[in-house]
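S.K.: Just a sequence and a predicted model for now, questions to come.
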Amino acid sequence: MAGWGRESRRTGLLLGGLVLLAVVAVLSVGVGAHRVAPAEVVRALFDYRGTDDHVIVRDVRAPRALLAVAVGAALAVSGALLQTLARNPLAEPGILGVTAGAGFAVTVGSALGLAGAQAGQLLCSIAGSVLAALLVMAVGRRSPLRLVLTGVALTAVLGGVSLGLRLMLPDVFDAYRFWSVGTLAGREQAPLTLPLLAIAAALAGALLLARSLDTLALGEQVARTLGAGVARTRALALVLITVLSGAATAVAGPVLFVGLIVPHLVRRLAAGSVPWLLLYSMVLGPVLLLVADIGSRVLLPTGEVPVAIVTAFFGGPVLIWAVRRYGAGSL
């Protein structure tokens, strides 16, 4: 009975999160230089009549909200997977150099003429994420603290090399400049089918792998005793992390701290269950990014603040809190 009550509570919290996501999404679609009432937003989605408000909602705001949902879910789940895989509460694609690897690969791809089309940019971003993740895992696998330090060092090195390439090649700088700002503004007009399909497939794969990760979280020796394929689970999780973070970075640019904030917010609700941690992250990641996107539109009286600045504003204090809570000894 206790187990049934716990599962009912988790399910209720998940449904509540979905309701919150729907409310925030409607508010996000209505906020901007031209405000649209929530009732009109719903009417535009389900009873389209071609008015100015309906055109704004259907052609601009709704695709942007959909992009925020996909990117938020991808970053939050990749962060939860990385924290579970590395057994490190500070693990996050941006902190561990995965995002920097994606940016470096896009820079090199632009210099070689490989990242002009969206498919090329997506492949470069994912390839860079894979290489960066493999390097960080290989060098820093002995301890969580070394893992974080390796990621920080790799981010600094790749950032410096990328800057040098952009300064030497003005065309690369022009191509990289728009992408390098972590924002959702204007990105909804780009073709999104390919990256959204990649994110959806990776999210489904993460849920399918959740039980194996749940076993792995007990420790490698226990997982092997229970018959789990530790090496296979690690490899698949790494693939999912790089696809999620690479695809999200390809379409929205580098947006940091979402993968750090959300798993910390939902970890206590999941109570040690990796499947529930992923489900909660998949719902609350979009909520966080939608709220940040709303903030990016209203903080300045004219223009917008890049959403990456808003998430960094939230993420900095969370990172400091996490370090103080866990301490260097446990990291």
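M.R.: Now that the structure is in, tell me what you want to look at.

S.K.: Can you give me the buried ones in the helix or strand harbouring Ile56?
M.R.: Per DSSP states H and E, Ile56 falls inside helix 52-56. With burial defined by 16 or more other C-beta atoms under 10 Å, the residues of helix 52-56 counted as buried are 53-54, 56. For the C-beta atoms, the positions are set from N, CA and C on the backbone; glycine is no exception.

S.K.: Turn those into a markdown table, including distance to Arg35 and pLDDT.
M.R.: Listed next are these as a markdown table, based on distance: C-beta to C-beta, whole Å; pLDDT from 0 to 100:
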| residue | distance to Arg35 | pLDDT |
| --- | --- | --- |
| Asp53 | 9 | 76 |
| His54 | 14 | 81 |
| Ile56 | 10 | 80 |
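
S.K.: returning to that earlier point: chain center to the helix or strand just after the helix holding Ile56: distance?
M.R.: Where DSSP H and E defines the elements, the next helix or strand beyond helix 52-56 is helix 62-86. Put simply, helix 62-86 sits 3 Å off its chain's centre (C-alpha atoms, centre = their mean, to the nearest Å).

S.K.: And for stretch 271-290?
M.R.: The answer for stretch 271-290 is 11 Å, by C-alpha atoms, centre = their mean.

S.K.: What of stretch 236-249?
M.R.: Computed by C-alpha atoms, centre = their mean, the chain-centroid distance of stretch 236-249 equals 9 Å.

S.K.: same check, this time on stretch 50-64
M.R.: Centre-to-centre, stretch 50-64 and its host chain are 25 Å apart (C-alpha atoms, centre = their mean).

S.K.: returning to that earlier point: what's the helix holding Ile56 packed up against?
M.R.: With contacts taken as 3 or more C-beta pairs under 8 Å, 6 or more residues apart in numbering; DSSP states H and E, helix 52-56 sits against helix 38-46.

S.K.: Residues in contact with the helix it packs on: which ones?
M.R.: Residues from elsewhere that reach helix 38-46, judged by C-beta atoms under 8 Å, 6 or more residues apart in numbering: 26-27, 29-30, 36, 49, 53-54, 57-58, 61-62.

S.K.: Hmm, Leu290 and Val69 touching each other?
M.R.: Yes: counting by C-beta atoms under 8 Å, Val69 touches Leu290, with 7.2 Å between them.

S.K.: Comparing these two, which shows the higher neighbour count?
M.R.: Each of Val69 and Leu290 has its neighbours counted (other C-beta atoms under 10 Å); Leu290 has more, 27 against 23.

S.K.: Return every residue with contacts to both of Val69 and Leu290.
M.R.: By C-beta under 8 Å, 6+ apart, Val69 and Leu290 have these common neighbours: 21, 25.

S.K.: so where's the stretch 101-250 of the chain uncertain?
M.R.: 115-119, 141-145, 171-181, 186-190, 217-224, 226-228 (pLDDT under 70).

S.K.: The contacts of helix 38-46, buried ones only, as a PyMOL selection?
M.R.: Buried members of these, defined by 16+ other C-beta under 10 Å, are picked up in PyMOL with:
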select buried, resi 26+29+30+36+53+54+57+61+62
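
S.K.: from the contacts of helix 38-46, which two are the most distant?
M.R.: Spatial extent of the contacts of helix 38-46 (C-beta to C-beta) is set by the pair Leu27 and Arg49 at 21.5 Å.

S.K.: Next, the angle helix 38-46 makes with the helix ranked longest in the chain.
M.R.: Determined from DSSP state H, the single longest helix within the chain is helix 2-30. For helix 2-30 against helix 38-46, the angle between stretch directions is 90 degrees (axes from the mean of the first three to the mean of the last three C-alpha atoms, to 10 degrees).

S.K.: residues in contact with stretch 193-203?
M.R.: With C-beta under 8 Å, 6+ apart, stretch 193-203 has contacts from 66, 70-71, 73-74, 77, 118-119, 122, 126, 240, 243-244, 247-248, 250-251, 282.

S.K.: again with stretch 303-314
M.R.: 181-185, 252-258, 261, 288-289, 292-293, 295-297, 299.

S.K.: Can you say which of the residues you listed are buried?
M.R.: Buried by 16+ other C-beta under 10 Å: 181-185, 252-258, 261, 288-289, 292-293, 295-297, out of these.

S.K.: Quickly note the distance from Ala25 to Val310.
M.R.: Using C-beta to C-beta, to the nearest Å, we find Ala25 at a distance of 17 Å from Val310.

S.K.: actually Ala127, not the one I typed
M.R.: Computed as C-beta to C-beta, the Ala127 to Val310 distance reads 29 Å.

S.K.: One more: Val136?
M.R.: Counting by C-beta to C-beta, the gap from Val136 to Val310 is 26 Å.

S.K.: These two: which has the busier surroundings?
M.R.: Neighbours per residue (other C-beta under 10 Å) separate Val136 from Val310, with Val136 holding more: 28 against 24.

S.K.: so what's that one up against?
M.R.: 96-98, 147, 150-151, 154.

S.K.: can you list those in a markdown table and add secondary structure, distance to Arg234 and neighbour count?
M.R.: Listed next are the contacts of Val136 as a markdown table, based on DSSP: H, G, I helix; E, B strand; the rest coil; distance: C-beta to C-beta, whole Å; neighbours: other C-beta atoms under 10 Å:
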| residue | secondary structure | distance to Arg234 | neighbour count |
| --- | --- | --- | --- |
| Leu96 | coil | 15 | 30 |
| Gly97 | coil | 18 | 30 |
| Val98 | helix | 15 | 32 |
| Leu147 | helix | 14 | 25 |
| Thr150 | helix | 17 | 19 |
| Gly151 | helix | 17 | 31 |
| Leu154 | helix | 19 | 22 |
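
S.K.: Many thanks, we can stop here.
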